[in-house]
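Participant: Have a look at this prediction, sequence included:
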Amino acid sequence: MQHFPIFLDLSGARVVVSGGGEAALAKLRLLMKTEARLDVFAAVPSPEVAALADAGRITLHERAPVAGDMPGARLVYGAAEDAQEDARVAALARDAGVLVNIVDNLHDSDYITPAIVDRDPVVVAIGTEGAAPVLARSIKAGLEARLPVALGLLARAGKAFRAAADALPMGRRRRDFWAEYYDTVGPRAAERGEAALEPALQALLDRHLAQTPKAGRVDLVGAGPGDPELLTLKARRLLDQADVVVHDRLVPNAILELARREALLIAVGKEGFGPSTPQSRINDLIVEHAARGAHVVRLKGGDPAVFGRLDDEVEALDAAGIDWAVVPGITAASASAAALGQSLTRRGRNASARLVTGHDVQGYAEQDWQALARPGAVAAVYMGKRAARFIQGRMLMHGAAPETPVSVVENATRPDQRILPATLASMPQVVADLAGPAVLLLGLAPRRAVAAEPLEIAL
């Protein structure tokens, strides 16, 4: 993020606009929505700019700005549509310590003006770092159509009622009150007119004050393999509602960003053969926060029910008498097979597919090697990088062919996803230097070439 979005208080502040043509007029239309004092400098103002001055909307100076015009200004716009003049004005502004924007010149501007959806006091600002103004306008048009005109009315009534709503304790109870107001009670009351809003708010507050506080709960949510667009709608909704998010190491920041800004994020990293948060500590954390009345989302990479220690956490919650629910996610095996363009099962090839782990808490995990080594068998090996040589040896020992296809999918669905074709013979060498999480798909080759030729190792 190059430009940090802020909302600047312009009430009573002075803003200087240099220019009197179309570019200046476009900025003035936006600035006149604020409570700023607008000083416009233009030797030859357009009739529209002159009319604004006649109407008392702006103060017009029919000359170019000079150094003495800059001190005390909050912002300066260079909108003369003349590169030399705009550069001169920018230099004057910076000498006076004032931020300047040169219209249609991102490189030489200190700030940019976003596209704005105005439902005063609700204001939505849309920026693209100056890279795609047409896209910003398209987003603005979509939001304009979606946000009701009465939204500003609802927000003004809500703002006036905030002190009364402080009777509810901060956190979940107060948030539930405002959510119900803006989602249902407020819009219905607004249909009856502005006068209906305050009584509706008071009745809603009385009801929420009389309610018994909700008990805490835990949702055990699958974050999928990493692509935020693969989250379920329910997972996204729960992230937006959660008071506390207890998340795994492999959940990327792009997904954590979907949580409420006020939510407490707790990382409980687990890494095979590496530093890990003990499962008992994770159990204690989710129980402690839920017992205090918090809505906890236990966010797990992939699917909670696939090598996610789901049963351990559910048993801890049951023992503590805490309500819970499981929200499945896309598991890494499905995501990795999709990356290959392959099915995990195929008529005439394999009627079943196995999901296995490369290691358990004691070390390398034993499996039904005879079944895994059969021709046509397909298996997805989780946490298998360190165990690759062990898996290779066991499968060869039970009759698997060295040329059995293997696909290694690293960072499935993420921007840095890699697909590495291999064989059972070359598998340990292919995975040796991988840094990211990887799934080993035994018995599957990519449908189309997406990487270099597999490394073949003679045994």
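Facilitator: Looks like it came in fine.
Participant: Name all residues that make contact with residue 52.
Facilitator: Neighbouring residues of residue 52 by C-beta atoms under 8 Å, 6 or more residues apart in numbering: 28, 32, 40, 58, 60. No exception for glycine: its C-beta is placed from N, CA and C like everyone else's.
Participant: Which pair of these spans the longest distance?
Facilitator: The span of the contacts of residue 52, defined through C-beta to C-beta, is set by 32 and 60 at 13.3 Å.
Participant: Those two - which one has more neighbours?
Facilitator: Using other C-beta atoms under 10 Å as the criterion, residue 32 and residue 60 rank with residue 60 on top: 19 against 13.
Participant: Could you list the domains of this structure?
Facilitator: The chain is divided into the following domains under automatic domain parsing: 14-113, 151-210, 217-327, 333-442.
Participant: Tell me where the model's unsure across the protein.
Facilitator: 270-275, 361-362, 448-459 (pLDDT under 70).
Participant: now do 80
Facilitator: 130-131, 133, 269-276, 360-363, 448-459 (pLDDT under 80).
Participant: sorry, back to before: which one among the contacts of residue 52 gets closest to residue 9?
Facilitator: In terms of C-beta to C-beta, no member of these lies closer to residue 9 than residue 32, at 16.4 Å.
Participant: my read: residue 325 touches residue 234, true?
Facilitator: No - counting by C-beta atoms under 8 Å, residue 325 sits too far from residue 234 to count as a contact (9.5 Å).
Participant: Can you tell me the element residue 219 falls in?
Facilitator: strand 217-222 (DSSP states H and E).
Participant: elements contacting that strand?
Facilitator: Secondary-structure packing of strand 217-222 (3 or more C-beta pairs under 8 Å, 6 or more residues apart in numbering; DSSP states H and E): helix 233-241, helix 279-291, strand 295-300, helix 310-320, strand 323-327.
Participant: Grab the nearest non-local neighbour of residue 25.
Facilitator: Ranked by C-beta to C-beta, 6 or more residues apart in numbering and with sequence neighbours excluded, the top spatial neighbour of residue 25 is residue 48, at 5.5 Å.
Participant: Just give me the neighbour total for that neighbour.
Facilitator: Counted with other C-beta under 10 Å, residues neighbouring residue 48 total 14.
Participant: where exactly do the helices run in the stretch 1-150 of the chain?
Facilitator: Ranges of helices within the stretch 1-150 of the chain are 22-31, 47-54, 83-95, 133-146, based on DSSP state H, counting those that start in this stretch.
Participant: In TSV: those, plus distance to residue 255.
Facilitator: As requested, those are arranged in TSV below (distance: least, C-beta to C-beta, whole Å):
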stretch	distance to residue 255
helix 22-31	35
helix 47-54	48
helix 83-95	41
helix 133-146	22
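Participant: For residue 157, find the nearest of these.
Facilitator: Closest approach to residue 157 among the helices of the stretch 1-150 of the chain (C-beta to C-beta): helix 133-146, 20.6 Å.
Participant: To residue 276, which of the helices of the stretch 1-150 of the chain lies closest?
Facilitator: Closest among the helices of the stretch 1-150 of the chain, using C-beta to C-beta: helix 133-146, at 41.9 Å.
Participant: So for the closest one, what gets flagged as buried?
Facilitator: By neighbour count with 16 or more other C-beta atoms under 10 Å, helix 133-146 contains the buried residues 133, 136, 139, 140.
Participant: Next: stretch 283-299.
Facilitator: 283, 285-287, 289-290, 293-299.
Participant: Now tell me what touches it from outside.
Facilitator: Residues from elsewhere that reach stretch 283-299 (C-beta under 8 Å, 6+ apart): 172, 213-221, 223, 238-239, 241-248, 251, 255-256, 259, 264, 266, 268, 282, 304, 312-313, 316-317, 320, 322.
Participant: Quick check: end-to-end length of it?
Facilitator: This stretch, stretch 283-299, spans 13 Å end to end (C-alpha to C-alpha, to the nearest Å).
Participant: Please apply the same query to stretch 417-437.
Facilitator: Note: stretch 417-437 ends 10 Å apart using C-alpha to C-alpha.
Participant: Tell me the buried residues in that stretch?
Facilitator: In stretch 417-437, counting by 16+ other C-beta under 10 Å, buried: 417-428, 430-431, 437.
Participant: again with stretch 305-312
Facilitator: 306, 307, 308, 310.
Participant: list the contacts for the nearest residue to residue 130 once chain neighbours are set aside?
Facilitator: In space, and not counting its chain neighbours, residue 130 is closest to residue 106: 3.8 Å by C-beta to C-beta, 6+ apart. If a contact means C-beta under 8 Å, 6+ apart, then residue 106 has 112, 129, 130 as its contacts.
Participant: Just name the closest of those to residue 227, please.
Facilitator: residue 129 (23.0 Å).
Participant: I'd say the closest one and residue 5 touch.
Facilitator: No - with contact defined as C-beta under 8 Å, residue 129 does not reach residue 5; the gap is 10.6 Å.
Participant: Which PyMOL command selects the buried ones in the contacts of stretch 283-299?
Facilitator: Remark: buried members of those, expressed as a PyMOL selection using 16+ other C-beta under 10 Å:
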select buried, resi 172+216+217+218+219+220+221+223+238+239+241+242+243+244+245+246+247+248+251+255+256+259+266+268+282+304+313+316+317+320+322
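Participant: residue contacts, residue 431?
Facilitator: Counting by C-beta under 8 Å, 6+ apart, residue 431 touches 384, 385, 388, 408, 420, 422, 438, 440.
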